[in-house]
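Please find the sequence and the predicted model below.
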Amino acid sequence: MQSLAEVKAGAVCTIKWMFGNPQVMEFMHQHDIREGSTINVFQHGRDSMIIGMNNMRLAIGNEVAERIKV
């Protein structure tokens, strides 16, 4: 298991667990990103990344990605 922040662009992974402040968790759940979700990593920058599933894309900071384990 590793943090999402360590995953390279182009990878497909399943979220094992995630934690964070309630606002971030609610935002992720509103977009159906939760434990058990399979997500794609589209781009990985120095301080943020773009993830998505189906036809949805989200930009998240590395500090959020560190709290998501895949």
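Sure thing, it's come through.

Could you use CA atoms for every contact and neighbour count after this?
OK.

From residue 9, how far out is the closest residue to residue 48 other than its chain neighbours?
Leaving out its chain neighbours, the residue that sits closest to residue 48 by CA to CA, 6 or more residues apart in numbering is residue 61, at 4.1 Å. As judged by CA to CA, to the nearest Å, residue 61 and residue 9 stand 14 Å apart.

Can you name the next helix or strand after the helix or strand of the chain with the lowest mean pLDDT?
Counting by mean pLDDT, DSSP states H and E, the chain has its least confident helix or strand at helix 22-30, which shows a mean of 90. Downstream of helix 22-30, the next assigned helix or strand under DSSP states H and E is strand 38-44.

Follow the chain on from that next one and name the next helix or strand.
Next along the chain after strand 38-44, taking DSSP H and E as the criterion, comes strand 48-53.

Adjacent strands (with direction) for that following strand?
When pairs are called by DSSP bridges, strand 48-53 turns out to pair with strand 38-44 (antiparallel), strand 56-61 (antiparallel).

Tell me, how many residues neighbour residue 54?
Around residue 54 there are 8 other residues, counting by other CA atoms under 10 Å.

do residue 52 as well
By the criterion of other CA under 10 Å, residue 52 has 17 neighbours.

pLDDT below threshold where in the chain?
Counting by pLDDT under 70, the chain contains no low-confidence range.

Please name whichever of the strands paired with strand 48-53 is nearest to residue 2.
strand 38-44 (13.9 Å; CA to CA).

With just CA atoms, put that closest one into PDB.
The C-alpha coordinates for strand 38-44 follow below in PDB (Å, rounded to 0.1, in the frame of the first residue of the first chain):
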ATOM      1  CA  THR A  38     -11.000   2.700  -8.800                       C
ATOM      2  CA  ILE A  39      -9.400   5.900 -10.000                       C
ATOM      3  CA  ASN A  40      -7.000   7.000 -12.800                       C
ATOM      4  CA  VAL A  41      -4.000   9.300 -12.300                       C
ATOM      5  CA  PHE A  42      -3.900  11.600 -15.300                       C
ATOM      6  CA  GLN A  43      -1.300  14.000 -14.300                       C
ATOM      7  CA  HIS A  44       1.200  14.400 -11.500                       C
END
